[in-house]
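A.B. asks: this is the structure alone, sequence omitted:
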């Protein structure tokens with residue numbers, strides 16, 4: 001069962017003028033599409049959506065979308081924010097089932113960094129090359145985040161995409177392009193003035 005319920009209403013008015021009126025009223029215009037049904041224009045209460053967006057897991061969660069009392073499962077697929085105001089312009093949802101194949105960015109959570117062998121015993125530092133990775137998988141197995149455990153990291157080590165532990169049935173889209181796309185996600189850098197063969201290779 002989803003931890004998030006998004007309350008929405010159908011909207012009949014479309015166009016930029018109608019959207020501006022809705023936003024002035026505290027509503028966010030949007031659309032829900034996918035599945036066997038036709039795309040549907042909706043509105044969502046802005047303050048409620050902003051509150052849910054503060055939770056990182058909302059972006060990868062299958063949510064309950066309640067449109068005029070009719071509930072369906074969906075995922076947020078696109079979000080347009082105002083360029084300089086703390087407000088939302090538009091939101092897209094896609095209807096999904098547990099088996100719907102989705103492609104989403106998933107955040108990386110780096111753990112045991114301060115207590116890792118390299119940092120604690122060897123004076124190394126760890127550089128995060130990327131904060132998220134793109135995954136393609138059924139919606140039902142999409143992880144909220146991916147842990148990168150640095151407990152056993154060694155000075156000079158390069159942690160690649162292929163080192164990440166992802167759910168069965170999931171695929172890292174970059175790795176699907178071939179071995180040449182096995183990019184680094186983190187570097188274990190030797191103390192200043194000390195170099196290693198692994199770091200030179202990474203460079």
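C.D. replies: Arrived safely, thanks for sending. Quantities reported herein were computed from a predicted structural model and do not represent experimental measurements.

A.B. asks: CA only for contacts and neighbour counts going forward, please
C.D. replies: Will do.

A.B. asks: low-confidence stretches in this structure?
C.D. replies: Residue ranges of the chain with pLDDT under 70: 1-2, 193-203.

A.B. asks: count the residues that sit near residue 47.
C.D. replies: 14 (other C-alpha atoms under 10 Å).

A.B. asks: so it, which of the three states?
C.D. replies: helix (DSSP: H, G, I helix; E, B strand; the rest coil).

A.B. asks: with the one 3 residues further on instead?
C.D. replies: Secondary structure of residue 50, reduced to three states by three-state DSSP: helix.

A.B. asks: do you know how far it is from residue 29?
C.D. replies: To residue 29, residue 50 is 13 Å away according to C-alpha to C-alpha, to the nearest Å.

A.B. asks: likewise for residue 120?
C.D. replies: In terms of C-alpha to C-alpha, residue 120 sits 50 Å off from residue 29.

A.B. asks: the more surrounded of those two?
C.D. replies: For residue 120 versus residue 29, neighbours defined as other C-alpha under 10 Å are more numerous around residue 29 (28 against 13).

A.B. asks: who touches residue 118 in this structure?
C.D. replies: 124-125, 152-155, 188 (C-alpha atoms under 8 Å, 6 or more residues apart in numbering).

A.B. asks: go on, residue 145?
C.D. replies: Counting by C-alpha under 8 Å, 6+ apart, residue 145 has contacts 57, 106-109.

A.B. asks: now the helices for the protein?
C.D. replies: 16-24, 46-53, 117-122, 197-202 (DSSP state H).

A.B. asks: residue 144 is nearest to which of the ones you listed?
C.D. replies: Closest of those to residue 144 is helix 46-53, at 13.6 Å (criterion: C-alpha to C-alpha).

A.B. asks: what residues of the closest one count as buried?
C.D. replies: In terms of neighbour count (16 or more other C-alpha atoms under 10 Å), helix 46-53 has its buried residues at 46, 49.

A.B. asks: need the contact partners of that helix.
C.D. replies: 4, 6, 26-28, 58-59, 87-88.

A.B. asks: what about it, distance to the chain center?
C.D. replies: 17 Å (C-alpha atoms, centre = their mean, to the nearest Å).

A.B. asks: check stretch 169-184 too.
C.D. replies: 17 Å.

A.B. asks: what's around the residue lying closest to residue 139 once chain neighbours are set aside, how many residues?
C.D. replies: Nearest non-adjacent residue to residue 139, counting by C-alpha to C-alpha, 6 or more residues apart in numbering: residue 98, 5.1 Å away. Neighbour count for residue 98, taken as other C-alpha under 10 Å: 13.

A.B. asks: dump the residue contacts of residue 98.
C.D. replies: 138-141.

A.B. asks: residue 23: how many residues sit nearby?
C.D. replies: 19.

A.B. asks: typo on my end, residue 58
C.D. replies: Using other C-alpha under 10 Å, residue 58 has 18 other residues around it.

A.B. asks: ok, back up a step: can you tell me which of the contacts of residue 145 end up in strands?
C.D. replies: Mapping the contacts of residue 145 onto strands (DSSP state E) picks out 106-109.

A.B. asks: can you tell me which of those residues are buried?
C.D. replies: So, by 16+ other C-alpha under 10 Å, the buried ones in these are 106-108.
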